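**Q** Structure, please.
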Amino acid sequence: MTPHPTRAALRSGTRPRLIPALVGAILVASASLVAACGSTATPLPTASGPGGSPSVGSPSPTATGTDTPDLSPTPVTTITKLTVGLGYIPSVQFAPFYLAQKAGYYRDAGLNVTFQNGQDDTLINLVGQGAIDIGLADGTSLIPAVSQGIPVRYVTTIYARFPNIVLAKASSTIKTVADLKGKKIGTPGKYGSSWIMLQAILQSAGLTTADVDVQLYPDYGQAAALEQGAVDAATGFVNNEPVVLDKAGTKTTVMTVDDIVPLPGNGLITSVDTLAKKHDALAAFVDATLRAMDEITADPNVGLDASVAAVPDLGKDKALQLAILNATIGLWASDYTTANGSGAIDRAAWQQTVTFMAGLPGTPISGTPPTVDQLVDESLLAP
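**A** Residues are numbered from 1 along each chain as shown. You can find the predicted model right below:
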């Protein structure tokens, strides 16, 4: 399939921003390509006559200067509608999507993007059904879903480092994973990415969940329980609980899983069917989002401003939101993405994760573990 015409420009080193006066002309060339991918197309005039009114079918002088009506078909653009699933609630952590929307990068790529928030497991099902075109989910949730026959693929890495962590108060005796033995650990439930991460971290010290006292907080109140002393440690996200607790005056010790098992972090997923039908539009979406990520990495305040514009409540404590964003930016790059480009998918890490999860007691994987080819698809990433 022919690449989307804006793709190379967005993923180049210069990443030129399209100025409004040129958008129509560039999108004319892409009309047939996007339509061929099965997009939801809405024809629009691409030229304006005096006063900004569409000059559909207006006369055009020929090469000889004779005023002969131009009977060629009127050029039209196509706008592809994409519904994008993000996390549970709007957050500064989604700054790249807010910036790409606010700056017009999606619009300039011929996209009409709508965001929808929801929990990870629900989102994966909706993406698999085609109700959401593309969304953000973590690899440890995708693997069981694919093993259960949900037709989804991971197409772009957003979090190159796994965000889930175990944290304890810096004032406690817990300094290493081995120190967790016999301690109370708060977590939302015995499922999902936090539970997978906790088992991986404990295994690194020769421990299992039977060696700790697991306390369940289905309302996600484990960080508050840690602060109040109800538990000795808690699971959380490196760009959330430690940042919030630090602002409240509680310093923490953070334990990460990256050097133990390279669990694949949050990335963009889509269904097999949508990937085929809207391939070029999805490629343009990925490029625009990665462009915004690069810009926020260079200047986090750009991402903060876009987030506040999209979610005004975030402006109530900009210092906290900027701290959360900075912690999030730290998750976007790894040695692998630095060497292979933003969004690159580490296939070896995915294979390690499948092997690890398949060997867990009560593994969430159903039947034969899926292959990496059944889990990831790199075709939306620029070469």
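**Q** Show the subsequent helix or strand relative to the longest helix along the chain.
**A** Determined from DSSP state H, the single longest helix within the chain is helix 279-298. Note on helix 279-298: by DSSP states H and E, the next helix or strand toward the C-terminus is helix 300-310.
**Q** which helices and strands does that next one pack with?
**A** In terms of contacts (3 or more CB pairs under 8 Å, 6 or more residues apart in numbering; DSSP states H and E), helix 300-310 is packed against helix 95-102, helix 279-298, helix 318-329. The C-beta positions use only the backbone N, C-alpha and C, and glycine is treated the same way.
**Q** who wins for proximity to Glu378 among the ones you listed?
**A** helix 279-298 (10.5 Å; CB to CB).
**Q** export that closest one as PDB, just CAs?
**A** In PDB, the C-alpha atoms belonging to helix 279-298 read as follows (Å, rounded to 0.1, in the frame of the first residue of the first chain):
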ATOM      1  CA  HIS A 279      -3.700   1.500   7.300                       C
ATOM      2  CA  ASP A 280      -2.500   4.900   5.900                       C
ATOM      3  CA  ALA A 281      -4.600   6.900   8.200                       C
ATOM      4  CA  LEU A 282      -3.300   5.000  11.200                       C
ATOM      5  CA  ALA A 283       0.300   5.500   9.900                       C
ATOM      6  CA  ALA A 284      -0.400   9.200   9.700                       C
ATOM      7  CA  PHE A 285      -1.800   9.200  13.300                       C
ATOM      8  CA  VAL A 286       1.300   7.400  14.600                       C
ATOM      9  CA  ASP A 287       3.600   9.800  12.900                       C
ATOM     10  CA  ALA A 288       1.800  12.900  14.200                       C
ATOM     11  CA  THR A 289       1.800  11.500  17.700                       C
ATOM     12  CA  LEU A 290       5.500  10.600  17.700                       C
ATOM     13  CA  ARG A 291       6.200  14.100  16.300                       C
ATOM     14  CA  ALA A 292       4.300  15.600  19.300                       C
ATOM     15  CA  MET A 293       6.300  13.300  21.700                       C
ATOM     16  CA  ASP A 294       9.600  14.600  20.300                       C
ATOM     17  CA  GLU A 295       8.500  18.200  20.800                       C
ATOM     18  CA  ILE A 296       7.300  17.600  24.300                       C
ATOM     19  CA  THR A 297      10.600  15.800  25.200                       C
ATOM     20  CA  ALA A 298      12.400  19.000  23.900                       C
END
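**Q** so that helix versus helix 95-102, what angle?
**A** Per axes from the mean of the first three to the mean of the last three CA atoms, to 10 degrees, the angle that helix 279-298 makes with helix 95-102 is 110 degrees.
**Q** Give the buried residues for helix 279-298.
**A** 279-293, 295-297 (16 or more other CB atoms under 10 Å).
**Q** Please compute how far it lies from its chain's middle.
**A** 10 Å (CA atoms, centre = their mean, to the nearest Å).
**Q** what angle separates that helix from helix 318-329?
**A** Using the same axes, to 10 degrees: helix 279-298 against helix 318-329 is 120 degrees.
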